[in-house]
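J.: Provide a 3D model corresponding to the input given below.
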Amino acid sequence: MIRNLPIQSRIIYSVFVGLIYSIISPAQNLLPNGDFENYRSCPGGMETIQYGLLIDWFQPVTDCTPDYFNVCGTARSSTIPDNTMGFQNASSGKGYIGLWAYLAGPVPSYTSEFIACQLKSPLEIGKTYKIKMNISLGNYSMYSLNGLGIAFTSFYPQFETPALLKILPHQQNMTGNQLTDTATWMPIEFDYTANGAENYFVIGNFNWIGNNGKKLPYKPDHVPFW
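T.: A predicted model of the protein is given here:
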């Protein structure tokens, strides 16, 4: 969780990642715990991922901590469906993660959160893989995006600031339409042709300094957030 920033500048997205598989061999899903169902303990606050309690997933940026939500959450901030991000049931199962994807205005360098995992096996050179995930805009967001992105690396991704992730080869979903739905889950798909040896997967907004953030016209100047 990025704290102490203007509420009205934040874009919050909940994410459910379903599959990463080779188009040639669609039966093999290379993504571990893609529905975020496996955890070491139920979330009791906003530090579940930071302290390694969500199995297989970690934060690749030191000071930017995405958050885990589950129906078994023991605090108002981390339960489902009503939590810090707003109101949303899980896309599948009982859990999802949430992250700040964009912050407008004069803000510190840690302006976007990412989440990452190690794949079950490295990608094979020349093969094309399909990535499917669902996202939902948090009810308390005052802005929306027209893109969210992915990246693959051959090394363990660990960075001091989000700006360093922008140098990674990545794909950004640029649909031309703002991702504004807070009521249902919006599907996003990518096709990725591997260079070979990619072993880690990263999700986030790689264009957080850009023009893909848009103020939602129906939002007041200030919204409650807790």
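
J.: Do you have the strands of this protein handy? List them.
T.: Along the chain, counting by DSSP state E, strands occupy 10-22, 57-58, 67-70, 82-83, 86-87, 95-103, 115-118, 128-137, 143-145, 149-153, 170-172, 186-193, 200-204, 213-215.

J.: For residue 191, name its beta-bridge partners.
T.: Under DSSP bridges, the beta-bridge partners of residue 191 are residue 130.

J.: contacting residues for residue 115?
T.: Contact partners of residue 115, counting by CB atoms under 8 Å, 6 or more residues apart in numbering, are 15, 49, 57-60, 66, 97, 99, 202-204. For every residue, glycine as well, the C-beta is placed using N, CA and C.

J.: and which of those residues is nearest to residue 161?
T.: Nearest to residue 161 out of the contacts of residue 115 is residue 60 (CB to CB; 11.0 Å).

J.: my read: that closest one touches residue 159, true?
T.: Yes - counting by CB atoms under 8 Å, residue 159 is a contact partner of residue 60 at 6.1 Å.

J.: of those two, who's got more company?
T.: residue 60 (25 against 19; other CB atoms under 10 Å).

J.: who's in contact with the more buried one?
T.: Going by CB under 8 Å, 6+ apart, residue 60 touches 114-116, 157-159, 165, 202.

J.: Filter these down to just the buried residues.
T.: 114-116, 157, 159, 165, 202 (16 or more other CB atoms under 10 Å).

J.: Which of the residues you listed scores worst on pLDDT?
T.: Among those, residue 165 has the lowest pLDDT, at 76.
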